[in-house]
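[1] Here is my input; please provide its structure:
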Amino acid sequence: MSNNLLSGGLTNGWMYWKALVIIRLGDNNLSGTIPPSISFLANLKILHLNNNNLFGEIPLSLKYCQNLQIFDVGGNKFSGSIPKWIGHNAKILQFRSNQISGNIPPEICQSESLIILDLAYNKISGLELIYEENVKFTRAIDLSNNDMSGIIPQEVFSLSELHSLNLSHNQFEGSVSKEIGKLNQLESLDLANNKFSGEIPRSLAQLSFLGTLNLSFNNFSRMIPLGTQLQGFDELSYIGNPELCGAPLPKNCSDKKDVKPIEENDTDQEDEFLASFYIASGVGFFVAFWGVCIAIFCISSFRNSYFRFLFSIRDKLYVMVALTMNRFG
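    All right, here's what the predicted structure looks like:
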């Protein structure tokens, strides 16, 4: 019954239709609140109430719809916070364009079934950590146009199947971790209109499927990392970062030491290897040198053999020098 001109409130007689599995009432002119009787629909899997004039809080009674997998209430006037129970079996959660506030509950962040999370255009201010062992199958996260701040949680970069990430129009800050290069399935990344700073991570250029990129209007600085991936976007992807330079921006980088091509492996790993090698070599030389010295001064048999060896070398060198002198004498 979606895409009609239905108006008025939702009926409170849902208890008589317990066999319902799908409800689609989106894109109408419905108003009022979600009636509590909808909790009798234990078999309900899909509920579309998007693009209406519904308001109030998401009713607690909906927690009895334990088979609910797709819940779309975007484009309404719902307020309050996101219920903690709502993410247990959900695959698609869409709350876009409402007046939802508060934090994203950890129950949603820990949902193993979640594929799409769309909370854009609300008043959400906090994000709980997304644990590495969960949400491995999440494909899209849109948290744009909210009141979120702080840094991007490191756990986000463990979402190996993530295809789209939109954190634009918030108050996120700090640098973007090089761990973002682990999101090798990422096709769209939007971090525009935040307070991110520091260099654009070089690992971003290794995301071969990245087709949409927007880093505009932040505080990124220095040179855009070299690589066909990042230079393939136009300057609109980078404008609004006064300290950023390099192609495709018209501003050239005056500091040539910033020019550094992208390689498959980060140079940090090479530096760590060289440091470990030099340390190990030094320790090995130190141990060997003092081991010989201790043996010479403490073990008489070893000392006698050692000096006999040196005397034999001396005698051989003397004979070689004498023969050479006689040959040219």
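[2] So which residue is dead centre in the protein?
    Here the mean C-alpha position of the chain is nearest to the C-alpha of F157 (Cα atoms, centre = their mean), at a distance of 2.6 Å.
[3] Now that we're looking at that one, what pLDDT does it have?
    Here the pLDDT value assigned to F157 is 89.
[4] And what about the closest residue to it other than its chain neighbours, helix, strand or coil?
    Counting by Cβ to Cβ, 6 or more residues apart in numbering, F157 lies nearest to E179, which is 4.0 Å off, once chain neighbours are set aside. Every residue, glycine included, has its C-beta placed from N, CA and C. Classification of E179 using DSSP: H, G, I helix; E, B strand; the rest coil returns helix.
[5] burial of E179, as a residue count?
    15 (other Cβ atoms under 10 Å).
[6] again with Q66
    For Q66, the count of nearby residues is 12 (other Cβ under 10 Å).
[7] can you check the one 3 residues further on too?
    Applying other Cβ under 10 Å, we find 16 other residues in the vicinity of Q69.
[8] Got the phi and psi for it?
    phi -110, psi -30 (degrees, to the nearest 10).
[9] Also L244?
    Taking degrees, to the nearest 10 as the convention, L244 sits at phi -90, psi 140.
[10] And for G80?
    Dihedral angles (degrees, to the nearest 10) for G80: phi 80, psi -160.
[11] which residues touch the closest residue to it other than its chain neighbours?
    Spatial nearest neighbour of G80, chain neighbours left out: E57 (3.6 Å); criterion: Cβ to Cβ, 6+ apart. Counting by Cβ atoms under 8 Å, 6 or more residues apart in numbering, E57 makes contact with F78, S79, G80, S81.
[12] Repeat that for Q185.
    S160, E161, L162, H163, F209.
[13] Surely the third one touches D142?
    The one in question is L162. No - using Cβ atoms under 8 Å as the test, L162 is too far from D142 to be in contact (11.5 Å).
[14] who has more neighbours, the two?
    Counting neighbours by other Cβ under 10 Å for L162 and for D142 shows that L162 has the greater number, 24 against 21.
[15] in the stretch 101-250 of the chain, which spans are helices?
    For the stretch 101-250 of the chain, the helices defined by DSSP state H, counting those that start in this stretch occupy 106-109, 228-231.
[16] can you put the ones you listed in JSON lines and add distance to S168, mean neighbour count and mean pLDDT?
    Converted to JSON lines, the helices of the stretch 101-250 of the chain look like this (distance: least, Cβ to Cβ, whole Å; neighbours: other Cβ atoms under 10 Å; pLDDT from 0 to 100):
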{"stretch": "helix 106-109", "distance to S168": "20", "mean neighbour count": "19", "mean pLDDT": "80"}
{"stretch": "helix 228-231", "distance to S168": "18", "mean neighbour count": "16", "mean pLDDT": "84"}
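[17] what would these look like in TSV with distance to T33?
    TSV is the format used below for the helices of the stretch 101-250 of the chain (distance: least, Cβ to Cβ, whole Å):
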stretch	distance to T33
helix 106-109	22
helix 228-231	48
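[18] domain parsing for the protein?
    As assigned by automatic domain parsing, the chain contains the domains 7-264, 269-328.
[19] Pick the most buried one from the ones you listed.
    Mean neighbours per residue, mean count of other Cβ atoms under 10 Å, is largest over the domains of the chain for domain 7-264, with a mean of 17.
[20] who touches the residue nearest to F157 in this structure?
    Q154, F157, S203.
[21] and the gap between I108 and I116?
    Noted for I108: a distance of 12 Å to I116, by Cβ to Cβ, to the nearest Å.
[22] Overlap of the contact sets of the two?
    Each of L93 lies in contact with both I108 and I116 under the rule Cβ under 8 Å, 6+ apart.
[23] ok, back up a step: which one of the contacts of Q185 is nearest to S31?
    The closest of the contacts of Q185 to S31 turns out to be H163 (Cβ to Cβ; 35.4 Å).
[24] quick revisit: select, out of the helices of the stretch 101-250 of the chain, the one closest to G8.
    Closest to G8 of the helices of the stretch 101-250 of the chain is helix 106-109 (Cβ to Cβ; 31.5 Å).
[25] Cool, thanks, signing off.
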